[in-house]
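# Need a 3D model of the following:
(one chain, ligands or ions: 1)
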Amino acid sequence: MISMYGYFEIQSKIGITKHLGGLEATRELLKLCKVDDSDYVLVVGCGNGVSAIKIHRFTGCRLAGIDISPEMVERAREKEEPGVQFVVGDAEDIDFPDNTFDVVISESVTGFTDKMRSISEYHRVLKSGGYVGLNEVTWLVDPSPEMDEYCRRVMGLEAETREGWLSFLEEAGFKDIKSSVGAMNQWKQVIGDLELQRMDFFRIWGRFFHLYLHEREYRKSVHQLAGEALHIPRGFSRYFGYGLYVGRK
Ligand SMILES: C[S@@+](CC[C@H](N)C(=O)[O-])C[C@H]1O[C@@H](n2cnc3c(N)ncnc32)[C@H](O)[C@@H]1O
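Numbers count the residues shown, from 1 in each chain. So this is what the prediction gives:
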């Protein structure tokens, strides 16, 4: 049992977030969704905002980012710039009208939610012809019960197989669906994570050490999470890949 702060709370308190494949995967997703400066883009589960800001800067698009965690949104707002707005919001009940966005992007978020509800919401808020682009943790081989239980318990994550993700998109009404699934390369991932954190590196780790040294509950929660995380079932990285899924409304 994780104590007072869970997986995302520990991260949101210091403003760290990540997704599999790093910025390389983000760039690939933007290409597949043909994002350009005329688009209005919704980033669902924007976390600390770094990836969303990069999306805005890479393409010049207008962008709204939502995240369920007010602390994450606070961290993201520190980076707001003209053309970008971050608000608290739930992927499962998006507070924007139907047919608002040209593109909806979600990176390592939908697997933490009720997938059918979230993906149906992505469909609802997209304009006709708009693109959805997901980067989601994908089982490369059927998980052992131990692996499945580990992901749910430690991270609250329910990954899917490629077929599973594709069927959610189809059921929500998306067409022209494309996908590519790659194995996880741990070193590339570490480099990708560092690239994502670069914008915020000193603030993130400054906050971490401050909380770790001064807040007992935070320290306890970090120890518990680290203890849980160290009991990773064997062959962890063999099971996981990151999947890019793109469809049109
Ligand atoms: C693994 S992080 C990824 C963050 C960001 N997309 C990135 O690439 O850095 C997952 C994020 O999803 C957010 N999240 C989880 N459930 C959510 C929901 N139902 N609606 C919106 N955001 C959610 C978490 O607060 C967290 O910031």
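
# Only C-alpha atoms from now on, for both contacts and neighbour counts.
Fine.

# and M155, what does it touch?
Going by CA atoms under 8 Å, 6 or more residues apart in numbering, M155 touches 7-8.

# what's the spacing between it and the ligand?
9 Å (CA to the nearest ligand atom, to the nearest Å).

# Taking the centroid of this protein, which residue is nearest it?
What sits nearest the mean C-alpha location of the chain, by CA atoms, centre = their mean, is S108, with 2.9 Å.

# Quick check: residues of this structure near the ligand?
Within reach of the ligand by CA under 6 Å from any ligand atom, the chain has these residues: 17-19, 44-47, 51, 67-69, 89-92, 107-109, 112-113.

# Select only the buried ones of the residues you listed in ChimeraX?
The buried subset of the residues of the chain next to the ligand, as determined by 16 or more other CA atoms under 10 Å, is captured in ChimeraX by this line:
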select :17,18,19,44,45,46,47,51,67,68,69,89,90,91,92,107,108,109,112,113
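
# Please flag which of the residues of the chain next to the ligand sit within helices.
Residues of those located in helices (DSSP state H): S51.

# Leaving out sequence neighbours, find the closest residue to Y7.
Leaving out its chain neighbours, the residue that sits closest to Y7 by CA to CA, 6 or more residues apart in numbering is M155, at 5.8 Å.

# pLDDT score for that neighbour?
What the model reports as pLDDT for M155 is 79.

# just the helices in this protein please.
In the chain, the helices defined using DSSP H lie at 7-14, 22-32, 50-59, 70-77, 115-125, 145-155, 162-172, 186-197, 201-214, 216-230, 236-239.

# for Q189, what are its contacts?
20-22.

# how about 10 Å then?
Contacts for Q189 (CA atoms under 10 Å, 6 or more residues apart in numbering) come out as 18-23, 195.

# cool, and L30?
Taking CA under 10 Å, 6+ apart, one finds 36, 55, 58-59, 103, 105, 131, 133, 246 in contact with L30.

# excluding its backbone neighbours, what's nearest S237?
Closest to S237 by CA to CA, 6+ apart is M184, at 6.5 Å.

# hang on, the one you found packs against E136?
No: M184 is beyond contact range of E136, at 12.0 Å (criterion: CA atoms under 10 Å).

# out of these two, which sits in the busier spot?
Higher neighbour count among M184 and E136: E136, with 27 against 18, using other CA atoms under 10 Å.

# In this structure the more buried one contacts T113, no?
No: with contact defined as CA under 10 Å, E136 does not count as touching T113 (11.6 Å).
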